[in-house]
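Visitor: based on what follows, work out the 3D shape:
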Amino acid sequence: LRHGICKESCYGMASFSFLLCQFEYFEAADHIGRLAVFLLDKCKAEKYRPGIYMLYYGVVRSWNVHIEQNLEYLLRGYHVGMQTGNIEAALFTIYSYLINSFTCGRKLVKLKKELDSFGKKALENKQMAVHNLICLMQLVVSTLLISNDSPSLIGSQNTETKVLLERVTEGKDTFAICHVYILGYIEAYIFGEYELAANMIEKRQEVEKAMSRRSLYFGMIDFYDGLVFLAMARKTNDDKWTLGAAKALSKLESFVQTGKANCEHKLFLLQAETKSLLGENENAISKYDSAIAVAGKNGFIHEQAIASERAGDFLLGNGDSRASQYYGNSNTLYLQWGAQCKADHLCKNLPF
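Guide: As a prediction, this is how the structure comes out:
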């Protein structure tokens, strides 16, 4: 700024904004990111729009406002990139749109159509890194969508997953490898495969050691980490899981100060599960109800369904007849999300 600005300045600022975000300086990151977008418009640097939108709207701004509010900008960045010939940036921007759509719980049927469409675009333009990432999302979304007595989970290493994992491993794409484990353990948790989920978290953590940063996804990673750790603590009584859950809870407490709309219900559910583990039953159901209500208010229908299911588990374990009501609500919410397979799985595994 001291020596003047040029078209490249806006991209430099967006990159700096993204870097600040990785160190969790969210307020400063948003300030610099807004300046980057201002300079982008002022300099009419259209070829940089996809990359800047991916960094700012795909990451930085989504910490401060609801994730869904940024999706339209990511779509615009994609279209500008395709029109200006910046194909690689355009397709990475659309991946940001797709993964953020999944993160905020958009309806799976529509998301599946978009994954199929943009996956073809990536393949047509020989953007294999993005194509691999979209293929991974397609596997998870299809598993949730399509009714199956034995869901083929990523963590169970089915043929498609093995081929995809071999492909990204050969290409030394640590970002994609990490996402195999991220989406895989979230899927495993949703279907109640807690040991599988824990195993995939440990594999993800190993991969992250070779990366300059770990993925946060607006509190989603620490949220599911915490849920898996609490499930394992309940199952094994091993202190390492309790300690991991406490760390995840602490992270969510911090993230809520920045992005309440995205993180508040996540914090309530981790608090509920923690109180359940400690036997604080009266406080636990209050937190479950808060998680359900806030997730619903903010449109996180998938996590509202998870919170309802966990509340049902808690009540059932305490011999409370209200469990059936919470399970019923959970089933309805999974169906509204489009997760037919998960809804069927829930009904099949209920003890009544």
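
Visitor: tell me the pLDDT of the most centrally placed residue in the chain.
Guide: What sits nearest the mean C-alpha location of the chain, by Cα atoms, centre = their mean, is Thr103, with 3.8 Å. Among the per-residue scores, Thr103 shows a pLDDT of 96.

Visitor: quick one: it from Ile182, how far?
Guide: Thr103 sits 11 Å away from Ile182, taking Cβ to Cβ, to the nearest Å as the criterion. To be clear about C-beta, it is placed using only N, CA and C from the backbone, and glycine gets the same treatment.

Visitor: overlap in contacts, those two.
Guide: Shared contacts of Thr103 and Ile182, defined by Cβ atoms under 8 Å, 6 or more residues apart in numbering, are found at Tyr217.

Visitor: from the chain's centroid, how far away is the helix or strand containing His31?
Guide: With the criterion set as DSSP states H and E, the secondary-structure element containing His31 is helix 26-43. Here the centre of mass of C-alpha atoms in helix 26-43, compared against the chain's by Cα atoms, centre = their mean, to the nearest Å, lies 25 Å away.

Visitor: and stretch 99-119, by the same measure?
Guide: Chain-centre distance of stretch 99-119: 12 Å, with Cα atoms, centre = their mean.

Visitor: and stretch 332-348, by the same measure?
Guide: Stretch 332-348 has its C-alpha centroid displaced from the chain centroid by 19 Å (Cα atoms, centre = their mean).

Visitor: ok, now stretch 163-171?
Guide: 22 Å.

Visitor: in that stretch, what's buried?
Guide: Leu164, Leu165, Val168 (16 or more other Cβ atoms under 10 Å).

Visitor: from those, pick the one nearest Thr242.
Guide: For Thr242, the closest of the buried residues of stretch 163-171 turns out to be Leu165, at 30.8 Å, with distances computed as Cβ to Cβ.

Visitor: quick revisit: report the buried residues of the helix holding His31.
Guide: Going by neighbour count (16+ other Cβ under 10 Å), the buried part of helix 26-43 is Phe26, Ala29, Asp30, Ile32, Gly33, Leu35, Ala36, Val37, Leu39, Leu40.

Visitor: what's the pLDDT at the residue lying closest to Ile292 once chain neighbours are set aside?
Guide: Sequence neighbours aside, Ala307 is the residue nearest to Ile292 in space, at 4.7 Å (criterion: Cβ to Cβ, 6 or more residues apart in numbering). The score at Ala307 is 98. That number is its pLDDT.

Visitor: cool, Cys43 as well?
Guide: According to the prediction, Cys43 has pLDDT 90.

Visitor: ok, the buried residues of stretch 163-171 vs Ala188, which is closest?
Guide: When these are compared for distance to Ala188 (Cβ to Cβ), Leu165 wins out at 15.0 Å.

Visitor: element containing the closest residue to that closest one other than its chain neighbours?
Guide: Spatial nearest neighbour of Leu165, chain neighbours left out: Val180 (5.6 Å); criterion: Cβ to Cβ, 6+ apart. For Val180, the element it lies in under DSSP H and E is helix 174-190.

Visitor: against which helices or strands is that helix packed?
Guide: Other helices and strands packing on helix 174-190, by 3 or more Cβ pairs under 8 Å, 6 or more residues apart in numbering; DSSP states H and E, are helix 128-145, helix 159-170, helix 194-208, helix 220-236.

Visitor: can you mark which positions in that helix are buried?
Guide: Using 16+ other Cβ under 10 Å as the test for burial, helix 174-190 gives 174, 176-190.

Visitor: from the middle of its chain, how far away would it be?
Guide: Averaging C-alpha positions (Cα atoms, centre = their mean) puts helix 174-190 10 Å from its chain's average.

Visitor: hey, C-alpha coordinates of that helix in CSV?
Guide: Written as CSV, here are the backbone C-alpha positions of helix 174-190 (Å, rounded to 0.1, in the frame of the first residue of the first chain):
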residue,chain,number,x,y,z
THR,A,174,-2.1,-34.4,0.8
PHE,A,175,-5.2,-32.1,0.7
ALA,A,176,-7.3,-34.7,-1.1
ILE,A,177,-5.9,-37.5,1.1
CYS,A,178,-6.9,-35.5,4.1
HIS,A,179,-10.4,-35.0,2.7
VAL,A,180,-10.8,-38.7,2.2
TYR,A,181,-10.4,-39.1,5.9
ILE,A,182,-12.5,-36.0,6.8
LEU,A,183,-15.5,-37.0,4.8
GLY,A,184,-15.0,-40.6,5.7
TYR,A,185,-15.1,-40.2,9.4
ILE,A,186,-18.1,-37.8,9.3
GLU,A,187,-19.9,-40.4,7.3
ALA,A,188,-18.9,-43.2,9.7
TYR,A,189,-20.0,-41.2,12.7
ILE,A,190,-23.4,-40.5,11.1
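
Visitor: I'm done for today, thanks for sticking with me.
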